[in-house]
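# Any chance you can model this:
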Amino acid sequence: MNTSFLKSSACAAVFAFAALGAQAQELKIGYVNADRVLRDAAPAKAAQAKLETEFGKREKELADMAAKLKAAGEKLDKDAPTLSESERTRRQRDLVEQDREFQRKRREFQEDLTQRKNEELASVVERANKVMKQIFDTEKYDLIIQEAVFAGPKIDITDKVIKALNAQSGNSK
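Residues are numbered from 1 along each chain as shown. Here you go, the predicted model:
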């Protein structure tokens, strides 16, 4: 009696796995590498170029300011032995004040850049999500995932999403 129960349980398990296997083959799953989309798609590249144009001048001004500050520090170090105590103190104070101003401008630059990057990134993500939804609907996917530990090339639809975004970007110009 015990062996027949084990045999019938084993048969039931085999049938259950076979049914699950057949059902799993019917599922249509896609994987999208979001990092690649945000790096390689035309809208992402356009956003990056826009940010570089928008912030390039300020970045160069900060680099120039840093170079001047460094040169002034080196000059003070070089001249320090020959300077009077009051002159050395005055130049050190000027240097500290210039450094404080530089740090303030650099912090403001970084905050502005971060805010604009987030705005541009949100726009690209929104467009990519719309494209993925269109692909999901038109190609009748059951599941599209963006983060996975492993995903095989058979389900990777990243190139399809990038191509659709690029085509959409070309049409909107």
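
# residue ranges of the helices in this protein, please?
All helices of the chain, identified by DSSP state H, fall at 2-26, 34-40, 42-79, 85-138, 158-171.

# Least reliable of those helices by average pLDDT, please.
Of all these, mean pLDDT reaches its minimum on helix 2-26 (a mean of 48).

# before we move on, the earlier item: and the helices of the chain as TSV, adding mean neighbour count and distance to Gln146?
In this view, the C-beta of every residue, glycine as well, is placed from N, C-alpha and C. Compiled in TSV, the helices of the chain are given as follows (neighbours: other CB atoms under 10 Å; distance: least, CB to CB, whole Å):
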stretch	mean neighbour count	distance to Gln146
helix 2-26	9	21
helix 34-40	16	5
helix 42-79	13	15
helix 85-138	13	8
helix 158-171	16	10
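
# I'd like those helices as CSV, with distance to Phe150 appended.
Formatted as CSV, the helices of the chain follow (distance: least, CB to CB, whole Å):
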stretch, distance to Phe150
helix 2-26, 16
helix 34-40, 15
helix 42-79, 24
helix 85-138, 20
helix 158-171, 14
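
# Among the ones you listed, which comes closest to Ala151?
For those, proximity to Ala151 was assessed by CB to CB; helix 158-171 is nearest, at 9.3 Å.

# The closest one relative to helix 42-79, how many degrees between them?
For helix 158-171 against helix 42-79, the angle by axes from the mean of the first three to the mean of the last three CA atoms, to 10 degrees is 90 degrees.

# List the contacts of helix 158-171.
For helix 158-171, contacts defined as CB atoms under 8 Å, 6 or more residues apart in numbering pick out 31-33, 36-37, 40-43, 46, 127-128, 131-132, 134-135.

# right, and the pair among the residues you listed with maximum separation?
That would be Tyr31 and Ala46, which, of the contacts of helix 158-171, are the farthest apart (CB to CB) at 24.9 Å.

# which residues touch Glu139?
Lys28.

# cool, and Thr89?
Not one residue lies near Thr89 by CB under 8 Å, 6+ apart.
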